[in-house]
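J.: Quick one: sequence and predicted model below, then my questions.
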Amino acid sequence: MSFQYPWWLILLPLCFIPFWLKSRQGHLYSWITILPEDSLSRLMDKGLKGLMTLLLLSILLALAHPHGPEKVVQRIGKGAQTVMVIDRSVSMDHPFAGDVTSGSAAEIKSTAARRLITKFIDSRPDDMMGVVGFSNSALYGIKITNNRDAIHAAINAATSPSINQTNIGSGLTRAVTLFDNIDSTGSRAIILLSDGAGKLSPRVKATLQTTLKKNNLALYWIVLRQPDDVSIFSKNVYDEDRVPTAVALDRYFQSLNIKYHAYEADNPATLQSAIQDIGSRENKTIQYPITIPGRNFSKDLALLALIFGTLILLFKNLRVYSWKNT
């Protein structure tokens, strides 16, 4: 057994205060020899002090939050080990193009991403997921885990605004390292979500080429584009020094000889379709450990304290009052 707040145990000697203090109650007599021996009252007095000691002990132990040992069990399900790499540049706070004829803007990109990724997570209870945000550098979100509360908090943080830079290389290299200490038990993928691209240095390219293959990772890139942006699926021919960054990055990903697929989304519906397609591609049998926390005994101790308090009140009111002379 271990304690979450063990410093409360320092006060345990105070539990014996009832035995240290002498109580004075009842009537005063000038000569106690005239009184008969009352062994029952003495026994009840000691029992009452014992109950008060147990009451204080239960309260202190409950405050210390004792709990049993944790258990690690293996769970088997359908899903994947996934790391979401999310663009946190200022442009992610711009809305999709929307309907030009209506004169109203569509949903903000980061808001749509947060909503749809959250829905994606909730629909896949067996997934293990990590989160990395990036702007001018990688912004660590959370390691690969199946803790849904932690994943949701990391997604909310990763879809918050940042600064006006898009360093995709730093986000990807950080994401790959999250798989280093995780056993591979099924599908493993990195999902890159950005509304722009950037140039990768030769060092970053070499690192990604080595680590993506070594960790057997699939790569998915969802490009949130505006209507006037260059499409990565365009068949246009460009001079070598005038290739758009998004097209160049897509070509580099294709050259890695790994499982890679790219999507373009210009509204929330196409973004949702892309996420759903990734989910259907990465849905194999997965085995992963789950830590089951030990039983928390605080509630049991609080209930004991209530019982002891009730018994103390009951015994305190069991008195024999003296007869009055009539």
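T.: Yep, it's here.

J.: Can you report how many residues neighbour residue 83?
T.: 28 (other CB atoms under 10 Å). (C-beta placed from N, C-alpha, C; glycine too.)

J.: Would you verify that it is located in a strand?
T.: Yes. Assessed by DSSP: H, G, I helix; E, B strand; the rest coil, residue 83 belongs to a strand.

J.: Just the pLDDT at residue 253, thanks.
T.: Note for residue 253: predicted pLDDT of 91.

J.: start to end distance for stretch 253-263?
T.: By CA to CA, to the nearest Å, the extent of stretch 253-263 from end to end equals 13 Å.

J.: any idea which helix is longest in this structure?
T.: helix 39-63 (DSSP state H).

J.: what's that one packed up against?
T.: helix 17-20, helix 298-316 (3 or more CB pairs under 8 Å, 6 or more residues apart in numbering; DSSP states H and E).

J.: which one of those helices has the most crowded surroundings?
T.: helix 298-316 (a mean of 15; mean count of other CB atoms under 10 Å).

J.: Enumerate every residue touching the residue nearest the centre of the chain.
T.: In the chain, the residue lying closest to the centroid (CA atoms, centre = their mean) is residue 150, at 1.6 Å. Each residue near residue 150 by CB atoms under 8 Å, 6 or more residues apart in numbering is listed here: residue 142.

J.: start the count at 592, not 1, going forward
T.: With 592 as the first residue, the last one maps to residue 741.

J.: Could you export the helix or strand it falls within as CSV, CA atoms only?
T.: Assigned by DSSP states H and E, residue 741 falls within helix 739-749. Output of helix 739-749 as CSV, limited to C-alpha atoms (Å, rounded to 0.1, in the frame of the first residue of the first chain):
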residue,chain,number,x,y,z
ARG,A,739,-8.2,9.9,-23.5
ASP,A,740,-8.3,12.9,-21.1
ALA,A,741,-4.6,13.6,-21.7
ILE,A,742,-5.0,13.2,-25.5
HIS,A,743,-7.9,15.6,-25.6
ALA,A,744,-6.0,18.2,-23.5
ALA,A,745,-3.0,17.9,-25.9
ILE,A,746,-5.2,18.3,-29.0
ASN,A,747,-6.8,21.4,-27.5
ALA,A,748,-3.3,22.8,-26.9
ALA,A,749,-2.0,21.9,-30.3
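
J.: can you tell me the average pLDDT over stretch 815-830?
T.: 79.

J.: Pull out the buried positions in that stretch.
T.: Using 16 or more other CB atoms under 10 Å as the test for burial, stretch 815-830 gives 815-816, 820, 822-823.

J.: So what touches it?
T.: Residues from elsewhere that reach stretch 815-830, judged by CB under 8 Å, 6+ apart: 678, 683, 687-688, 700, 704, 784-786, 814, 835, 837-838, 840-841, 853, 855-857, 862.
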